[in-house]
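Engineer: Just a sequence and a predicted model for now, questions to come.
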Amino acid sequence: MRHGFLQFSLFLATASILLDIYVYNGFKPLLNKWSKTARLTLLYIYFGINIGVAVALLLSLTNAGKPPGMTVMHQWLLSIFITLLVTKVIFALVLLFNDAYRLIVALTTKKEDKINGEGFLPQRRKLVSKAAITAAAIPFASFWYAMLKGKYDYKVHKHTLYFDDLPEAFDGFTITQVSDIHSGSFDNAAAVQRGIDLANAQKSDLFVFTGDLVNNVSSEIEPYIHRFKQLKAPYGQFSILGNHDYGDYVQWPNDEAKKANLMKLHQHHRAMGFRLMLDENIKLEKNGQAISLIGVQNWGRGFIQVGNLDNALKGVNTNDFKILLSHDPTHWEEIVRYHPAHVHLTLSGHTHGAQFGVETDKFRWSPVKYRYLDWAGLMVEKGRHLYVNRGFGFLAFSGRLGIWPEITVLELKKGKPA
């Protein structure tokens, strides 16, 4: 076990126990009429669950740095730990505000005016404990919904994009995009199949996948190859690699094993009927006209940077209509939108929208906005379009809340919006 991980584990364990003690004491006003046996039983159950989950998680993560990395079990333990932690923090915040008020009252109340039976601080009222439980129940229920249902609640996002220089033959051309499958996280094959069926039901002209087929190792996708092989489009199925596909987040026994894993993943793309694009381009022809589809390897700020747009553009004419597949939207932010070649549309993923947030017609927020300029949906700058898919799968936290898994359908139109 690495020294840094040990230090973090000890800090997390200490903080968690202190939080548990504080929270449990917040229940006490509601337990006055309980028998001593009942109170002890609740105490054992409460600390048994919280400490048990924390210990199981920390023990399981000691081996998560080697292939196959974090398994479904690891992610469920982490998700339950996060759910309990956030629930306890919300509960504790309500108590903290009340304790601050109690302290102010204690400091401003004369000794002779104190109510009999109270010590330095006024007694905590049952109403406060009930309010804390009510407040904590909201994240507790929401996170369980996210884990049990939200992560497979696929949504279709449809957009019509207008371009003056789109070849007439491609007016009305449709693209279905899926990104960030993260097959190593799946725990419900039937639910995954519903998502695949929904993508196929869009009957688009072209299907594209924009990276992160797996979490760490190529074998994760093997139980699902026959399912994703069902995705078909008249103009083909094309894919690229994402940062997780290179196997960088686990420690391999040697470089040869890591390279073999990546080559196996290339084979799996072919087995699914996906044309994997590695810094290259292809022309899609229709009625004597063509557009250029370009695919790059991963290039991301703070992540692996092996994609080369210049190499991918070789042979593409200046006036060609260009669609680029690039996993990380920071590639568009830092390179594509400033590149001499005018790339009309870039399709990305990577962010997952943090798998948590709020999206309405008038308001959109996710904590991932503090990391990425463009984290979900459409961005247009000087005629260059970027679309960031929210992801088909999930990673680490085995759930989605507010930012649901996405299937994107884009229709290309010639001209300007009416």
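Structural biologist: Thanks, I have it.

Engineer: can we go C-alpha only for contacts and neighbour counts from here?
Structural biologist: Will do.

Engineer: The stretch 151-300 of the chain: strands as residue ranges?
Structural biologist: Here the stretch 151-300 of the chain has its strands, by DSSP state E, counting those that start in this stretch, at 155-163, 173-178, 206-210, 237-240, 275-276, 280-286, 289-295.

Engineer: Show me what the fifth one is packed up against.
Structural biologist: The reference is to strand 275-276. If you count contacts as 3 or more C-alpha pairs under 8 Å, 6 or more residues apart in numbering; DSSP states H and E, strand 275-276 packs onto strand 237-240, helix 255-271.

Engineer: so what's residue 166 scoring on pLDDT?
Structural biologist: Residue 166 is assigned a predicted lDDT (pLDDT) of 98.

Engineer: For burial, what's the neighbour tally of it?
Structural biologist: 19 (other C-alpha atoms under 10 Å).

Engineer: and it, what is it in contact with?
Structural biologist: Applying C-alpha atoms under 8 Å, 6 or more residues apart in numbering, one finds that residue 166 lies in contact with 321, 412, 413, 414, 415.

Engineer: so the last one makes contact with residue 161?
Structural biologist: Right, residue 415. No: counting by C-alpha atoms under 8 Å, residue 415 stays clear of residue 161, with 9.4 Å between them.

Engineer: hang on, the earlier thing: could you redo the helices and strands packed on strand 275-276 as TSV and give each row distance to residue 31 and mean pLDDT?
Structural biologist: What follows is these, written out as TSV (distance: least, C-alpha to C-alpha, whole Å; pLDDT from 0 to 100):
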stretch	distance to residue 31	mean pLDDT
strand 237-240	58	98
helix 255-271	56	98
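
Engineer: Single out the most deeply packed of the ones you listed.
Structural biologist: Mean neighbour count, computed with mean count of other C-alpha atoms under 10 Å, is highest for strand 237-240 among these, reaching a mean of 26.

Engineer: Contacts made by that one with the rest, please.
Structural biologist: With C-alpha under 8 Å, 6+ apart, strand 237-240 has contacts from 206-211, 231, 269, 273-278, 295-298, 325-327.

Engineer: Mark which of these are buried, thanks.
Structural biologist: 206-211, 231, 269, 273-278, 295-298, 325-327 (16 or more other C-alpha atoms under 10 Å).

Engineer: circling back to that earlier point, can I get the helices and strands packed on strand 275-276 in TSV including distance to residue 200?
Structural biologist: Output for the helices and strands packed on strand 275-276, formatted as TSV (distance: least, C-alpha to C-alpha, whole Å):
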stretch	distance to residue 200
strand 237-240	12
helix 255-271	17
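
Engineer: The ones you listed: which one's closest to residue 340?
Structural biologist: strand 237-240 (22.7 Å; C-alpha to C-alpha).

Engineer: Least confident secondary structure element in the chain?
Structural biologist: Every helix and strand in the chain was compared by mean pLDDT, DSSP states H and E; the lowest is helix 3-27, with a mean of 80.

Engineer: Residue 415 and residue 161 - which one has more neighbours?
Structural biologist: residue 161 (17 against 14).

Engineer: Please list all residues in contact with the more buried one.
Structural biologist: Contacts of residue 161 by C-alpha under 8 Å, 6+ apart are 410, 411, 412, 413.

Engineer: Doesn't the last one belong to a helix?
Structural biologist: No: under DSSP: H, G, I helix; E, B strand; the rest coil, residue 413 sits outside any helix and is assigned strand.

Engineer: if we can go back for a sec, the least confident helix or strand of the chain: how far from the chain's middle?
Structural biologist: On the basis of C-alpha atoms, centre = their mean, to the nearest Å, helix 3-27 is displaced by 26 Å from the centre of the chain it belongs to.

Engineer: Go through that helix and flag the buried ones.
Structural biologist: 9, 13, 16, 19, 20, 22, 23, 24, 26, 27.

Engineer: any chance of those in JSON lines, with distance to residue 126 too?
Structural biologist: Listed next are those as JSON lines, based on distance: C-alpha to C-alpha, whole Å:
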{"residue": "9", "distance to residue 126": "35"}
{"residue": "13", "distance to residue 126": "29"}
{"residue": "16", "distance to residue 126": "24"}
{"residue": "19", "distance to residue 126": "20"}
{"residue": "20", "distance to residue 126": "19"}
{"residue": "22", "distance to residue 126": "16"}
{"residue": "23", "distance to residue 126": "14"}
{"residue": "24", "distance to residue 126": "14"}
{"residue": "26", "distance to residue 126": "9"}
{"residue": "27", "distance to residue 126": "9"}
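
Engineer: I'd like to know which of these is nearest to residue 177.
Structural biologist: Closest to residue 177, out of all of those and judged by C-alpha to C-alpha, is residue 9, at 39.7 Å.

Engineer: coming back round to it: residue 187 is nearest to which of the helices and strands packed on strand 275-276?
Structural biologist: Using C-alpha to C-alpha, the nearest of the helices and strands packed on strand 275-276 to residue 187 is helix 255-271, at 19.9 Å.

Engineer: Quick one: residues in contact with the closest one.
Structural biologist: 217-219, 221-222, 225, 229, 239, 245-247, 252, 275-276.

Engineer: quick one: low-confidence ranges for the chain?
Structural biologist: 1-6, 9, 110-122 (pLDDT under 70).

Engineer: Look through it and tell me its longest helix.
Structural biologist: helix 72-108 (DSSP state H).

Engineer: With only the CA atoms kept, save the first helix or strand past that helix going along the chain in CSV.
Structural biologist: Note on helix 72-108: by DSSP states H and E, the next helix or strand toward the C-terminus is helix 126-148. The C-alpha trace of helix 126-148 is given here as CSV (Å, rounded to 0.1, in the frame of the first residue of the first chain):
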residue,chain,number,x,y,z
LYS,A,126,-36.6,17.3,18.9
LEU,A,127,-37.7,19.6,16.1
VAL,A,128,-34.1,20.2,15.1
SER,A,129,-33.4,16.5,14.9
LYS,A,130,-36.5,15.9,12.8
ALA,A,131,-35.5,18.8,10.5
ALA,A,132,-32.0,17.3,10.1
ILE,A,133,-33.5,13.9,9.2
THR,A,134,-35.9,15.5,6.7
ALA,A,135,-33.1,17.5,5.0
ALA,A,136,-30.8,14.4,4.9
ALA,A,137,-33.5,12.2,3.4
ILE,A,138,-33.5,14.2,0.2
PRO,A,139,-29.9,13.4,-0.9
PHE,A,140,-30.2,9.9,0.5
ALA,A,141,-33.3,9.1,-1.6
SER,A,142,-32.0,11.0,-4.7
PHE,A,143,-28.7,9.1,-4.7
TRP,A,144,-30.4,5.7,-4.4
TYR,A,145,-32.7,6.7,-7.3
ALA,A,146,-29.5,7.7,-9.3
MET,A,147,-28.0,4.3,-8.7
LEU,A,148,-31.0,2.1,-9.2
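
Engineer: Lovely, talk soon.
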